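[1] task: produce atomic coordinates for the following.
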Amino acid sequence: MNQLLRAHRVLTEHGWLQDHQLRLDGNKIIAIEPIPAGVPKRDAELLCPAYIDIHVHGGDGVDVMDDSPEVLDKLALFKARQGVGGWLPTTVTAPLEDIKSALRRIALRCHQGGKGATVLGSYLEGPYFTPQNKGAHSPELFRELSIAELDSLIDVSQNTLRVVALAPEKPQAIPAIQHLKKQGIKVMLGHSAASYEETVRAFDAGADGLVHCFNGMTGLHHRNPGMVGAGLTDKRAWLELIADGHHVHPAAMALCCNCAAHRVVLITDAMRAAGMPDGEYSICGQPVTLQQGMVRTAGGGLAGSTLSLDDAVRNLVAGLGVSQEDAIHMASLHPAKMLGLEQSLGSLSVGKMANVIALNSQLQVQKIWVDGQPVEI
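    Here you go, the predicted model:
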């Protein structure tokens, strides 16, 4: 079915186009063209690529680890309301059988599809971490890296596992990274006490970037640049960033954007309390408290976020002066490139999937189309 979506401005990889329209045929964009003279109607102020959230634990009161098939359906609609057209349900450190069960559920949703944001695969965050920067993860459940175990997780996921996070200082980290890369799986580094040198060695082995940069890792010091220093300066590294103003100070966010604007991937790291009122919740099997937008463990540590990806984009624009187009690319084109999906997703371009969001001038989501179909938000 042919559709026309018209806007005052349309964002492409090369910048804004004034008074243009998208021509859709089914689930694809088949043309981007000027709106004919004399046509006053506009469907949106701005038409932009739908966002891609590669790192999501939960929201709307549910968690990816919950043993219920309805959870991913609920989260897919929750994410779509934030302008997200594709996402990676993300596991946490847990008993191995619980992780495998979650990977099976994600694989099933991946193959069957459904309403809302498309499940693009799974993201394994844990159990291959070290205790020093554990965050909310349970260190008693951390495991050593094993090629055979990784292969069993890939098999269980029916080859839908897209990202594995690990600590690069662990024994067998380098061969594990090399093995995962041969399987086409991205490797992110985090929840780790690795040095600058260990992190660079992991990048040399094929690791793709840092899990929520600055959080859960060795920080930047002028004589000991740590994981953060390695990520900021190594042009091979993608940098996940939680731009909620709680996880990372605005000055550190600005440093990240100034050093690596083309390598920043905005994420939410959202957990079940996202979109919910203040109160008591849980993550990684432990109780946490949501108060004024921050989720903390009993010990006071941050435990995931309640951030939405559209808020992350607005925070960079309003708080840091990042251009609208750069902030939107950090939530769309960059994650598509990081996942190796830029041929079909991440920008408005002829031949790509028609994953489109309509925004107003304040970058608030008005409508979303996933695979060319409008989603009720």
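[2] in which helix or strand would I find the spatially most central residue of the chain?
    Central residue check for the chain by C-alpha atoms, centre = their mean: the C-alpha nearest the mean position is that of residue 54, 2.4 Å away. Assigned by DSSP states H and E, residue 54 falls within strand 51-56.
[3] what about the helix or strand following that strand, distance to the chain center?
    Where DSSP H and E defines the elements, the next helix or strand beyond strand 51-56 is strand 58-59. Distance of strand 58-59 from its chain centroid, counting by C-alpha atoms, centre = their mean, to the nearest Å, is 13 Å.
[4] quick one: average confidence on strand 58-59?
    Averaged across strand 58-59, pLDDT comes to 97.
[5] so, low pLDDT: which residues of this structure?
    1 (pLDDT under 70).
[6] in the stretch 51-200 of the chain, which spans are strands?
    Counting by DSSP state E, counting those that start in this stretch, one finds strands in the stretch 51-200 of the chain at the ranges 51-56, 58-59, 62-63, 84-89, 118-119, 122-125, 161-166, 186-189.
[7] can you list the strands that the third one pairs with?
    Going back to what we said before, that points to strand 62-63. strand 58-59 (antiparallel) (DSSP bridges).
[8] who touches the partner strand?
    64-66, 71, 75, 78-79, 268, 270-276, 283, 304, 306 (C-beta atoms under 8 Å, 6 or more residues apart in numbering). From N, CA and C alone the C-beta is placed, and that goes for glycine too.
[9] got the contact list for the residue nearest to the centre of the chain?
    Taking C-beta under 8 Å, 6+ apart, one finds 87, 88, 123, 163, 240, 265, 267, 335, 338, 339 in contact with residue 54.
[10] a markdown table for the strands of the stretch 51-200 of the chain, including distance to residue 200?
    Converted to a markdown table, these look like this (distance: least, C-beta to C-beta, whole Å):
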| stretch | distance to residue 200 |
| --- | --- |
| strand 51-56 | 23 |
| strand 58-59 | 33 |
| strand 62-63 | 34 |
| strand 84-89 | 26 |
| strand 118-119 | 33 |
| strand 122-125 | 22 |
| strand 161-166 | 16 |
| strand 186-189 | 11 |
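[11] so which of those gets nearest residue 223?
    strand 186-189 (21.2 Å; C-beta to C-beta).
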